[in-house]
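Participant: Here is a sequence with its predicted model. Questions after.
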Amino acid sequence: MPNIKIFSGNSNLDLAKKICERLGHELGKVVTNKFSNRETCVEIGESVRGEDVYIIQTGSGEVNDMLMELLIMISACKTASAARVTAVMPCFPYARQDKKDKSRAPISAKLVANMLSVAGADHIITMDLHASQIQGFFDIPVDNLYAEPAVIKWIMENVAGWQDSVIVSPDAGGAKRVTSVAERLKVEFALIHKERKKANEVDRMVLVGDVKDKVAILVDDMADTCGTICHAAEKLQEAGASRVYAICVHGILSGAAIDRINRSIFEAVVVTNTISQENNMRNCSKIQCIDVSMMLGEAIRRTHNGESVSYLFSHVPL
């Protein structure tokens, strides 16, 4: 592919290398370091004049540092006369702060959208936004890809007896996602209604649906502290589920998440590599990873060639 440059920040170099491998393209040279006062410094190591530039950076680890690194890289490429700069953000940072749900609450996802636009991004490619209305926060094109085709493929290949399973949403907000997966697999779905006393702490859960003697597969967009899905798994076991799996697109797995999963009744907790999972898989044998580099790579190829990316909403590219 001529006139294209692909760079990566430090958030997920392994994913960036896999995307470049898929495209048969070299990862661009970039040097990132910090001054003694912790300011981020970025040096683009090759010419980008008139090029179609893609910068891969996900919202993981030190999220604020990674976001700043991305903004500076975008700005550096625009200043160096890049024709177009696309930010490839598999996991969009601050996506949970997408609405004013209490007095004086910030809409931080909108702030991040503004920052990306001001830095000079011309296009955003992301995956499974926590709330799809975040696309409306931008005045530039946003391609929100879905891991759903890869999730369905994993279920059909790895869950014994999936034909007699129930797809479960751990909260009301994920009902649409769960019904879509259940319809494509032609199985039943269920819902867990949860009430929170405060953020990251669930007070009470009520199961709506029947999981007795069935394989229960919890599907969610992200797993952070894992308190919700572990609590939900116990609820499903109490309701008679024979086995319980969890599939979460973005495996943030912060705080006590790994300990909770190790102590849980899950057969497996499946996440994608939108966030690097090497350390987590080393510390927890229940964590399994779905590679989504082929979907992101194909989205980059199609965007660069001016082709439609809607095929990727329902298919896993070969």
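Facilitator: Thanks, I have the structure now. What you are looking at is a predicted structure, and each value in this text was computed from that prediction instead of being measured.

Participant: what distance separates stretch 247-260 from the centre of its chain?
Facilitator: 12 Å (C-alpha atoms, centre = their mean, to the nearest Å).

Participant: May I have the distance across it, first residue to last?
Facilitator: Taking C-alpha to C-alpha, to the nearest Å, stretch 247-260 runs 15 Å from one end to the other.

Participant: Which positions within it qualify as buried?
Facilitator: Ile247, Cys248, Val249, His250, Gly251, Ile252, Leu253, Ala257, Ile258, Arg260 (16 or more other C-beta atoms under 10 Å). C-betas here are computed from N, CA, C, even on glycine.

Participant: His231: which element?
Facilitator: Per DSSP states H and E, His231 falls inside helix 227-238.

Participant: Neighbouring strands of the next helix or strand after that helix in the sheet, and parallel or not?
Facilitator: Going down the chain from helix 227-238, the next helix or strand is strand 243-251, by DSSP H and E. According to DSSP bridges, strand 243-251 has the following sheet partners: strand 215-223 (parallel), strand 268-272 (parallel).

Participant: what does strand 243-251 rub up against?
Facilitator: With contact meaning C-beta atoms under 8 Å, 6 or more residues apart in numbering, strand 243-251 is reached by 90-91, 127-128, 147, 151, 154-155, 159, 215-223, 229, 233, 236-237, 265-272, 274-275, 277, 280, 287, 289.

Participant: Just the buried subset of those, written out for ChimeraX, thanks.
Facilitator: Of the contacts of strand 243-251, the buried ones can be selected in ChimeraX as follows, counting by 16+ other C-beta under 10 Å:
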select :90,91,127,128,147,151,154,155,159,215,216,217,218,219,220,221,222,223,229,233,236,237,266,267,268,269,270,271,272,274,275,277,280,287,289
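
Participant: What residue in the chain is the furthest from its centre?
Facilitator: Outermost residue of the chain with respect to the C-alpha centroid, by C-alpha atoms, centre = their mean, is Ser36; its distance is 31.9 Å.

Participant: Tell me the spacing between that one and Asp65.
Facilitator: Noted for Ser36: a distance of 15 Å to Asp65, by C-beta to C-beta, to the nearest Å.

Participant: same deal with Tyr54?
Facilitator: 21 Å.

Participant: For these two, indicate the residue with more neighbours.
Facilitator: Tyr54 (29 against 16; other C-beta atoms under 10 Å).
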